[in-house]
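Peer 1: Structure of the sequence below:
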Amino acid sequence: MSDDHGDDGSGEERRAGINHAQPRFAAEQERQGQGPSIVVVRASEIEPERVGWIWPGIIARGKVTGLVGHPGLGKSQVATDAAATVSTGRPWPGDVTNDGAGDVIILSAEDDPADTGVPRLIAARADRTRIHFLKAVKENSGGERRFSLALDLDRLEKEIDLRQVTLVVIDPASAYLIPKKGKGIDRNNAGDVRTILDRLGAFAARHDLGVLAISHLNKSSGARAITRIMGSQEWAAAPRAVFIVTEDAGTGRRLFLPLKNNLAPDRFGYSFEIEDKIIAEGINTSAVVWGSEPVTISADEALAAAAMKKDTSRAVEFLEEVLSEGPMDQTDIVRLGKEAGFTEKNLRTAREKLGVTPRKEGFGANGKWVWMPAGDATVLRLVVNNEAKNGISPAHEKASEGSNEGDNHSGRDADQPEEHESDPVGPDGDGVA
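Peer 2: As a prediction, this is how the structure comes out:
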């Protein structure tokens, strides 16, 4: 290769330069004691490999898989069911083939193994001889501390025989970001999170096991589901696949859906229910019961529907409260609703669910819409004094009554059009419908 930077040389020369440059520079660095060197591998020297699967299409061997969702919807239950399935070698949901039984290591920072973890495993029909809870790290002083993904992966490899381990569950992963000495680890910092997840991925690859890292969703709404994971976006970017547990709005089901999947098609997910169980000694617990059919709704669609259901539920409670003392002017309801954070669509939906009836009270510019609670027996009465409004005194009004007795004006000005409570300007023409 020419030393003249203006002469690129032939393609073969350039390729030869890459081939020989690295060893020469690495050797020079080694002689000079300069430390790390760049590693370059020619693509033709890399043998293509199939992705190995624990749960086909969902949890891969040698990779980190993310599982996210709001608290209380079943993330840990799904992880428990996955652990039970690995431990027994039984088929996966949808009767998908399982390659065989394996051991599982569970790190659980939120559920006590004795009163929650083990009862759930029993209800899930797990082989408990194959499941191991990593409870703590014992210090030389005799004290114990929580396992740290930053400090203790090497210790785990040295002290535990991982040859039979198929799956490691970390629930939640952010609870195990114990800081290194002198340096904190921030779950919101992209560099910190990427470093930890890269190390975790390398650990999974070395031992040909899968890691299921559980995270929470934040409380924001309206954003894409993939951006709703609490903390840095690396919790979504670094894992090769991420799945979400959410509710199926309008039903008692929960949904297990793909957020992203770089290793397999992400066309569908599964539904499930949490079923109450009673195990030995009368201990109450619960277990996942999977639906038989795949679910094709997207994570974005499911979260949007769940958010709408939540907003509607809150709006129903709000409307019940404001109408608890009787009918109210629609304008006041809309104003109070907006102050409470509800849209007019939320209020309209709540009105329909409660059977609230909007009625026109009055005529023309003097009329207004009032919302009537369902079953309300209040009789609306409206005294319209158009003459007084036009400057005609009540005495003059009384004197003119006799002359109008034969006229069919029904107490209206002659040029005032007749209006009815069923006026189409009603619920579909007001500012809410």
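
Peer 1: now this structure, which segments are flagged as low pLDDT?
Peer 2: For the chain, residues meeting the criterion pLDDT under 70 lie at 1-33, 180-184, 220-223, 309-312, 375-433.

Peer 1: how does it look with 80?
Peer 2: Low-confidence segments of the chain (pLDDT under 80): 1-34, 178-184, 219-223, 250, 305-316, 325, 339-343, 346, 363-366, 375-433.

Peer 1: Map the structural domains onto the sequence of it.
Peer 2: If you go by automatic domain parsing, the domain ranges for the chain are 11-43, 53-306, 323-404.

Peer 1: wait, which of those domains is closest to Ser313?
Peer 2: For these, distance to Ser313 was read as Cβ to Cβ. The smallest value, 8.6 Å, belongs to domain 323-404. In this view, the C-beta of every residue, glycine as well, is placed from N, C-alpha and C.

Peer 1: list the contacts for the most centrally placed residue in the chain?
Peer 2: Among the residues of the chain, the smallest C-alpha distance to the mean C-alpha position (Cα atoms, centre = their mean) belongs to Gly69, namely 4.2 Å. Contacts of Gly69 were listed using Cβ atoms under 8 Å, 6 or more residues apart in numbering, and they are 75, 216-217, 244-246.

Peer 1: all strands of the stretch 101-250 of the chain, in order?
Peer 2: Remark: strands of the stretch 101-250 of the chain, listed N- to C-terminal, are 103-108, 131-133, 137-138, 144-145, 165-171, 210-216, 241-247; assignment by DSSP state E, counting those that start in this stretch.

Peer 1: Tabulate those strands (a markdown table), appending mean neighbour count and distance to Glu361.
Peer 2: Formatted as a markdown table, the strands of the stretch 101-250 of the chain follow (neighbours: other Cβ atoms under 10 Å; distance: least, Cβ to Cβ, whole Å):
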| stretch | mean neighbour count | distance to Glu361 |
| --- | --- | --- |
| strand 103-108 | 23 | 60 |
| strand 131-133 | 18 | 66 |
| strand 137-138 | 14 | 72 |
| strand 144-145 | 11 | 69 |
| strand 165-171 | 24 | 57 |
| strand 210-216 | 25 | 49 |
| strand 241-247 | 24 | 40 |
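
Peer 1: Comparing the domains of the chain, which comes out most buried?
Peer 2: Per-residue neighbour counts averaged over each of these give the maximum for domain 53-306, namely a mean of 18 (mean count of other Cβ atoms under 10 Å).

Peer 1: for it, how far is the first residue from the last?
Peer 2: With Cα to Cα, to the nearest Å applied, domain 53-306 spans 31 Å between its terminal residues.

Peer 1: How far does that domain sit from its chain's centre?
Peer 2: With Cα atoms, centre = their mean, to the nearest Å as the basis, domain 53-306 stands 14 Å off its chain's centre.

Peer 1: that older thread, closest to Arg351 out of the strands of the stretch 101-250 of the chain?
Peer 2: Between Arg351 and the strands of the stretch 101-250 of the chain, the shortest gap by Cβ to Cβ is with strand 241-247, which sits at 23.8 Å.

Peer 1: and that closest one, what does it pack onto?
Peer 2: Using 3 or more Cβ pairs under 8 Å, 6 or more residues apart in numbering; DSSP states H and E as the contact criterion, the neighbours of strand 241-247 among helices and strands are strand 64-69, strand 254-261, helix 299-322.

Peer 1: quick one, helices of the stretch 101-250 of the chain?
Peer 2: Counting by DSSP state H, counting those that start in this stretch, one finds helices in the stretch 101-250 of the chain at the ranges 118-123, 153-159, 190-207, 234-237.

Peer 1: Determine which of the ones you listed approaches Gly337 most closely.
Peer 2: Proximity of these to Gly337 was assessed by Cβ to Cβ; the nearest stretch is helix 234-237, lying at 34.5 Å.

Peer 1: contacting residues for Gly100?
Peer 2: Contacts of Gly100 (Cβ under 8 Å, 6+ apart): Gly89.

Peer 1: what secondary structure does it sit in?
Peer 2: Reduced to three states with DSSP: H, G, I helix; E, B strand; the rest coil, the structure at Gly100 is coil.

Peer 1: Could you check how far it is from Ala302?
Peer 2: With the distance defined as Cβ to Cβ, to the nearest Å, Gly100 ends up 33 Å from Ala302.

Peer 1: What of Asp127?
Peer 2: In this structure, Asp127 lies at 33 Å from Ala302, with Cβ to Cβ as the measure.

Peer 1: How about Ala82?
Peer 2: Using Cβ to Cβ, which is the criterion applied here, Ala82 is 20 Å from Ala302.

Peer 1: before we move on, what about Pro91?
Peer 2: With distances defined as Cβ to Cβ, the gap from Pro91 to Ala302 amounts to 25 Å.

Peer 1: Which strands border the longest strand along the chain, and is each parallel or antiparallel?
Peer 2: With DSSP state E setting the assignment, residue counts place strand 283-295 as the longest strand in the chain. Using DSSP bridges, the strands paired with strand 283-295 in its sheet are strand 269-279 (antiparallel).

Peer 1: The partner strand to strand 241-247, inter-axis angle?
Peer 2: Strand 269-279 and strand 241-247 meet at an angle of 60 degrees, taking axes from the mean of the first three to the mean of the last three Cα atoms, to 10 degrees as the criterion.

Peer 1: who's in contact with strand 269-279?
Peer 2: Looking at strand 269-279 with Cβ under 8 Å, 6+ apart, the contacting residues turn out to be 74, 77-78, 93-94, 119, 122-123, 243, 248, 252-258, 284-291, 293-295, 297.
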